[in-house]
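predicted model and sequence below, questions to follow.
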Amino acid sequence: LQLDVKDEQRLLKKIYAMVERIEKQLMAEQRIDRLVDIFRLLISLEAENTLYYLRLSYWLIQVGDLFQAKEALIGAKNDIRYQGALRELQDFIAQTENGQLNFVIPLIRAGEHYLVTVLLNEDVEVQLMLDTGATKTVLKSVLADQLSESATRGDLISMNTANGQAKGRLVTLRSLQMGGLNLTDIEMVVMDLPSFKYDGLLGMNILNKYEFSIDQAANQLILRPRLKTL
């Protein structure tokens, strides 16, 4: 557009802010294929932008295209500002290829919902409904009695539920296992859920530890550890 340097920088700043908003929106909607398309387009428009190559590689990892993810990193290898992010992505790809990172958790389809079989404190098996709208993982209070005395004590907190606000107790469980994943010191809200037919909710305090997606055809929850740099 033959802009002077200051005008060009202002325009690019607005573009980057718009890209960030779009990325967050599509990420929330789990439209990963669309994110791949967008960053490929952005690279074609601004081939010298290293961050676009890094983001493209990141999203290609999420769709499982590790070969293209490695290819995308070629565009970032000579930028000394982002060598840490480059190495992290390269290591992530290598470990993923070796099967060291991804966790595949079986799901049970229940109407429009998915259930996850979870083992608490290596002792009590429960079925939790997957709920991306729940900030905390929730367990029915009638089941907490089976775990330990500490699972029935904790700070009182208020939770927004489908039936309005309800009181619960914030407790920390020793362990939570699902599939091959084993987590320790997990916060969970214990509360009365008299009209809820499942044992509780698997919420975002666990899911947010990972990049996650649902394979609806295979009824599987796929968890990938989050990258720290990007």
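Everything's here; your move.

can you list contacts of the helix or strand of the chain with the lowest mean pLDDT?
Counting by mean pLDDT, DSSP states H and E, the weakest-scoring helix or strand in the chain turns out to be strand 155-161, with a mean of 71. Here strand 155-161 makes contact (C-beta atoms under 8 Å, 6 or more residues apart in numbering) with Lys136, Val138, Gln165, Ala166, Lys167, Gly168, Arg169, Leu170, Val189, Met191. Backbone N, C-alpha and C define where each C-beta goes, glycine included.

for the last one, which residues make a bridge with it?
Going back to what we said before, that points to Met191. On DSSP bridges, the residues paired with Met191 through beta bridges are Lys140.

wait, doesn't it sit right on Val171?
No - counting by C-beta atoms under 8 Å, Met191 sits too far from Val171 to count as a contact (10.5 Å).

between those two, which one's more packed in?
A side-by-side neighbour count of Met191 and Val171, using other C-beta atoms under 10 Å, places Met191 first with 23 against 20.

measure that one to Leu128 for me?
Distance from Met191 to Leu128, counting by C-beta to C-beta, to the nearest Å: 13 Å.

buried residues, the longest strand along the chain. List them.
With DSSP state E applied, the strand covering the greatest number of residues in the chain is identified as strand 164-178. Applying a neighbour-count criterion of 16 or more other C-beta atoms under 10 Å, the buried positions in strand 164-178 are Ala166, Gly168, Arg169, Val171, Leu173, Leu176, Gln177, Met178.

and what of stretch 103-117?
When neighbours are counted by 16+ other C-beta under 10 Å, the buried residues of stretch 103-117 are found to be Phe103, Ile105, Leu107, Tyr114, Leu115, Val116, Thr117.

now the end-to-end length of that stretch.
The distance separating the two terminal residues of stretch 103-117, taken as C-alpha to C-alpha, to the nearest Å, comes to 14 Å.

what does it contact?
125-130, 178-181, 198, 202, 210, 214, 219-224.

could you rerun that using 7 Å?
If you take C-beta atoms under 7 Å, 6 or more residues apart in numbering as the criterion, stretch 103-117 is touched by 125, 127-130, 178-181, 198, 202, 214, 219-223.

so, low pLDDT: which residues of this protein?
Applying pLDDT under 70 to the chain flags residues 1, 98-101, 148-154, 160-164, 227-230.

now the element after the longest helix seen in it, going C-ward?
If you go by DSSP state H, the chain has its longest helix at helix 5-28. With elements assigned by DSSP states H and E, the helix or strand that comes after helix 5-28 is helix 32-45.

now the angle from that following helix to helix 5-28?
160 degrees (axes from the mean of the first three to the mean of the last three C-alpha atoms, to 10 degrees).

name the helices or strands packed onto helix 32-45?
Counting by 3 or more C-beta pairs under 7 Å, 6 or more residues apart in numbering; DSSP states H and E, the packing neighbours recorded for helix 32-45 are helix 5-28, helix 50-63.

need the ones you listed in CSV (columns: distance to Ile93 and mean neighbour count).
Compiled in CSV, the helices and strands packed on helix 32-45 are given as follows (distance: least, C-beta to C-beta, whole Å; neighbours: other C-beta atoms under 10 Å):
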stretch, distance to Ile93, mean neighbour count
helix 5-28, 20, 12
helix 50-63, 6, 22
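
from the contacts of stretch 103-117, which would you call buried?
128-130, 178-179, 181, 198, 202, 214, 220-223.

in strands, which of those residues fall?
Per DSSP E, the subset of these in strands is Leu128, Met129, Leu130, Met178, Leu181, Leu202, Ile214, Gln220, Leu221, Ile222, Leu223.
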